[in-house]
Each structure stands twice: as structure tokens, then as C-alpha cells.
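[1] I would like to see how this sequence folds:
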Amino acid sequence: MLSHLLFFFTLPFLYRAATPDPQTLWKGPALDAKDPLYAGLKQIEGVKHMLVHNGSQVGRTYSHHAIVENVNGRLWAAWSSATNDEDSMGQQVWVGTADRNGSSWKWNKPAIPGPSALLPNQTSVGEQNYTYWCNQGIIQRALQPSALVEYNGDIYSIIEPVDRVCPGGPGSNSGAVDGAGRLAARFNISTGQLTAKACWLSKNSFTTASQYKQTPLGDSLCSTDILNGLNPLLDRPDILPFTDARMINSPKFVGSDGSSSMTEVTHAVWNEQGQYWARFWRDSTGSKTTFVHWVEFSSEETGNDWFPAKFNSNGANPGMVPTNIPDSNTKSFYGRLPDGRTYLVTNLMYHPDTKERQPLCITLASDGVHFDWAGVLRTNASRVIIPDSRKIKRVGFSYPHATVVDDMLYVGYSEDKENIWVTEVPIASLGN
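    I've put the predicted structure just below:
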């Protein structure tokens, strides 16, 4: 069982309490903008950092979208990998595993379930940077991981194909980002080895228009068993991946104010006392972002009253409302600890001048929803960054994902969008 998840409730509920006022969810300490590395917070004690992927050492200097899971005591990690640029042609998905060796972990050689989606006439050129393809007006096919899930005795790497139409590129959709469906690749749960190439869980018009059939990914649908098993599983509130094609392809998927763009949703966590789900959204409105987390509540046990079961793709979603929890306009991770406390791993402080994503913080809610403690997981990222042609790399630790193994919390994230790390955090040190 994936260890950050809750049991999925099937019994009827006898009582439902009112959900809390979103403007009361942050009860943590004031952040200190004059302290760019720690934001006035204390370093969490006893953490250990593990380097999983060094971009420059393997000649692939863009790495991001870290996913980390615990399955039967083995750590699994997935991340996106490109030669130089974010969302560039040929961006792959890599998956690695680690086995415990005493008090440490040994990371094994990663597999590549998501190979470069190049057309036959592009393979001789191979992977190039984003600017190379943009200068030729060619739509770029990039892959990124969105989940690692257990199903029917195997592990599946869930892969999101994302197409980038360069500004000034072909068609009327110039500058667009298009989601082209979803894939799944199967791994052996015991050996960690890739056992079946990726198949398609869903396809859409962009799958055809971007010619994925002609790439190494092909266009074969997964078997009926996998389709009927994985697709409902991925719609569960506590498993739902942070993104999918429906969300990407909706130009006005916005919050309750009718204008704030909602992206990169967290898993939902069930509040036993209040009898409701809670989850958080990123406001990615750009220069007009609110710089706070947005929350969504549901007392429906299956989550059928919110995304993805109900999907208002072109207008306000009344249930998505702003909180008073600080946010630097980036992805967060929400989970529950074995002792019942919930946590957010997030970049709490925004740096308007540098756009740096640090410190990476953990904040706790003893009652599951009101966050009253925060500490620094990691800060002071390397300032030696291999340049990208898009010039969007930035200093910092971001895009976290977490899982629990025994009395430890393991958090995966990227450094400078170049390296992938997993940090071991003693749960006993959280809240002190």
C-alpha cells in the first residue's frame, strides 16, 4: 500500500461537521522576508539528504516533477529528465528504486519507462534544446511523471505527455500547452524492473495531431483490465495525480473568483473529526497570482461532487477558495502522518526579485487542517546552474512529493530544476 494514502471510506457517515473558514487555516509563525534562506523559521533536526539524480553527471541537466512512494519498504522515485530545457522535445520519464541497507538506502540504476517521443525523421538529430525546435516552428512532445501507483500486484508509472506549441508556431494555438492523454508503464513490484512498455490509459485529439503513433510510444491502448483498474484508481481523491490533460487543456479552469487559474492539485486527506476531504490547489495566474494556497472541501466520500467527476472547464469553480496559507506560486504536497497530524510540504515564502524557491518547508496541522507549526526542510540551494535556453531555471528546492516509511517521512523534490533529491525526516522531529 502506498504509505501517504488513507483508507478509502465505504461506510455511511453518521455526522458531518461544517468545514472551517478558509481564512483561518494558517495559524503558523509570521515569515521574515529579511531572512531569504530560512524565512525566520528553524531548521528541522535530524534530516538526511540523498542525491538520487545528478543532472550534470548524466548529461541531462533538466530534472523536475519528483514523485516518491513507499511500496513494501522499498522507495520508488520518478522524475522528468531532459538534456537541457523544461518541456523540450524528447523529455523523458525516469524511475529509480532504493533498498534499505541498514540505516541507509542504496539507489539502483533507473529505468526509462517514458522514452523520447521523437518522430522517425527526428531521431538522427536526437534531443535538442527547446530553442532549437522553436526556431523551426515544431511542436514539442515532452513527458512528465504524475504518479506511481500499485495495482494488481504491480507498480505503474503514470506518465503525462505534454505538447508545447512555441510562440509564433503553427496554427491558431500559438504558445499553447496541450495535454495529449495519459500513459502507464508496468514495473515488477519485487525486482523494481520495467516489465512492459507504456500503454495509453486515455487519448485525445492531440494524441493524433502530434503524431504519437509514429514515436516509440505508439498508440496502443492498455488492456481492458488495466483501463478498468487504473483509471478509477487515479480518480480517487487520495490518489488523484497533480495534473492531467483535462486540466491542462482547459483555458479557463479557475477558482471561485472567476479569474484565478487553478493547477497542480494535491492529494485529498480525509478529516475524521469533521467528516470531510480537504485538498489544495496552486494559483498559477502569473503576475496576478494571490500567493496563497487555495483549498477545496468535500463531504462526499467518493469525491463525486468535485474534479474530476465534476468538471467546470470554462468558468468559476465555487468550491475552490483562497486561504490565508502563504504560497510562492508553486506546487505543494499534502499528506497525513501516522499520528493523525497532516502536513504540507511547500515553498511558503515568495521572493519577488529573484523568484528563488527556498526555503522548502514542512508545516503541520495537529487538527488536520489548521496549520500551526512550520520548519525548514532544506534551503541554500546550489547557485552553480547549467544554463537552459529558456532561461527559466531558478535557484531553490521545489515540486515536493512525500511518503512515510515506519517512523520517517521521505520527501522527493528537485534542486534548481537540475538534480533530484530525497530527504529523510524523523517524524519525531516535526512539531518541535
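[2] quick one: low-confidence ranges for the stretch 1-150 of the chain?
    Scanning the stretch 1-150 of the chain for pLDDT under 70 picks out the ranges 1-17.
[3] all strands in the stretch 301-432 of the chain, in order from the N-terminus.
    Using DSSP state E, counting those that start in this stretch, the strands of the stretch 301-432 of the chain run over 314-316, 321-326, 333-336, 342-346, 360-365, 373-378, 397-405, 408-415, 419-426.
[4] Likewise for the stretch 1-150 of the chain?
    Under DSSP E, counting those that start in this stretch, the stretch 1-150 of the chain gives strands at 48-54, 62-71, 74-82, 92-101, 104-107, 111-114, 140-151.
[5] so what strands line up beside the third one?
    Spelled out, it's strand 74-82. Partners of strand 74-82 in the sheet, by DSSP bridges, are strand 62-71 (antiparallel), strand 92-101 (antiparallel).
[6] Quick check: buried residues in that strand?
    For strand 74-82, burial by neighbour count (16 or more other C-beta atoms under 10 Å) applies to 74, 75, 76, 77, 78, 79, 80, 81, 82. Placement of C-beta: from N, CA and C, glycine included.
[7] ok, back up a step: would you list the strands of the stretch 1-150 of the chain in a markdown table and tack on distance to residue 193?
    Below are the strands of the stretch 1-150 of the chain laid out as a markdown table (distance: least, C-beta to C-beta, whole Å):
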| stretch | distance to residue 193 |
| --- | --- |
| strand 48-54 | 18 |
| strand 62-71 | 14 |
| strand 74-82 | 12 |
| strand 92-101 | 9 |
| strand 104-107 | 15 |
| strand 111-114 | 7 |
| strand 140-151 | 14 |
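[8] Looking at these, which is nearest to residue 31?
    Taking C-beta to C-beta, strand 48-54 is the member of those nearest to residue 31, at 23.2 Å.
[9] Could you figure out how far that closest one is turned away from strand 92-101?
    Orientation of strand 48-54 against strand 92-101 (axes from the mean of the first three to the mean of the last three C-alpha atoms, to 10 degrees) gives an angle of 140 degrees.
[10] Identify the residues contacting strand 48-54?
    By C-beta atoms under 8 Å, 6 or more residues apart in numbering, the residues outside strand 48-54 that reach it are 63, 77, 79, 81, 94, 96, 98, 105, 107, 110, 378, 412, 419-424.
[11] any idea which of the strands paired with strand 74-82 is most buried?
    Highest mean neighbour count among those (mean count of other C-beta atoms under 10 Å): strand 62-71, with a mean of 25.
[12] hang on, the earlier thing: dump the strands of the stretch 301-432 of the chain to CSV, plus mean pLDDT and distance to residue 272.
    As requested, the strands of the stretch 301-432 of the chain are exported to CSV (pLDDT from 0 to 100; distance: least, C-beta to C-beta, whole Å):
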stretch, mean pLDDT, distance to residue 272
strand 314-316, 82, 30
strand 321-326, 97, 21
strand 333-336, 98, 10
strand 342-346, 98, 11
strand 360-365, 98, 13
strand 373-378, 98, 20
strand 397-405, 97, 17
strand 408-415, 98, 20
strand 419-426, 97, 24
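[13] Select, out of the strands of the stretch 1-150 of the chain, the one closest to residue 199.
    strand 111-114 (10.7 Å).
[14] List the strands paired with that closest one, with their directions.
    According to DSSP bridges, strand 111-114 has these partners: strand 92-101 (antiparallel).
[15] got the angle between the strand it pairs with and strand 140-151?
    In terms of direction (the same axes, to 10 degrees), strand 92-101 departs from strand 140-151 by 40 degrees.
[16] could you point out which element follows the one helix or strand residue 207 maps to?
    Element membership for residue 207 (DSSP states H and E) is helix 205-209. Using DSSP H and E, the helix or strand that follows helix 205-209 towards the C-terminus is helix 224-234.
[17] Who are the packing partners of the following helix or strand past that next one?
    Using DSSP H and E, the helix or strand that follows helix 224-234 towards the C-terminus is helix 245-248. Packing contacts for helix 245-248, counted by 3 or more C-beta pairs under 8 Å, 6 or more residues apart in numbering; DSSP states H and E, involve strand 154-164, strand 177-179.
[18] export the ones you listed to TSV and tack on mean pLDDT and distance to residue 313?
    Shown next, in TSV, are those (pLDDT from 0 to 100; distance: least, C-beta to C-beta, whole Å):
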stretch	mean pLDDT	distance to residue 313
strand 154-164	96	17
strand 177-179	92	12
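[19] Figure out which of these is closest to residue 234.
    Nearest to residue 234 among the helices and strands packed on helix 245-248 is strand 154-164; the distance by C-beta to C-beta comes to 6.7 Å.
[20] Which secondary structure elements does the closest one sit against?
    Contact analysis of strand 154-164 by 3+ C-beta pairs under 8 Å, 6+ apart lists strand 92-101, strand 111-114, strand 140-151, strand 177-179, strand 182-188, strand 194-202, helix 224-234, helix 245-248 as its packing neighbours.
[21] For that strand, which strands pair with it and how are they oriented?
    strand 140-151 (antiparallel), strand 177-179 (antiparallel), strand 182-188 (antiparallel).
[22] want to throw the ones you listed into TSV with distance to residue 22 and mean neighbour count?
    Shown next, in TSV, are the strands paired with strand 154-164 (distance: least, C-beta to C-beta, whole Å; neighbours: other C-beta atoms under 10 Å):
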stretch	distance to residue 22	mean neighbour count
strand 140-151	26	24
strand 177-179	28	18
strand 182-188	31	23
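[23] can these go into CSV with extra columns for distance to residue 283?
    Compiled in CSV, these are given as follows (distance: least, C-beta to C-beta, whole Å):
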stretch, distance to residue 283
strand 140-151, 20
strand 177-179, 17
strand 182-188, 24
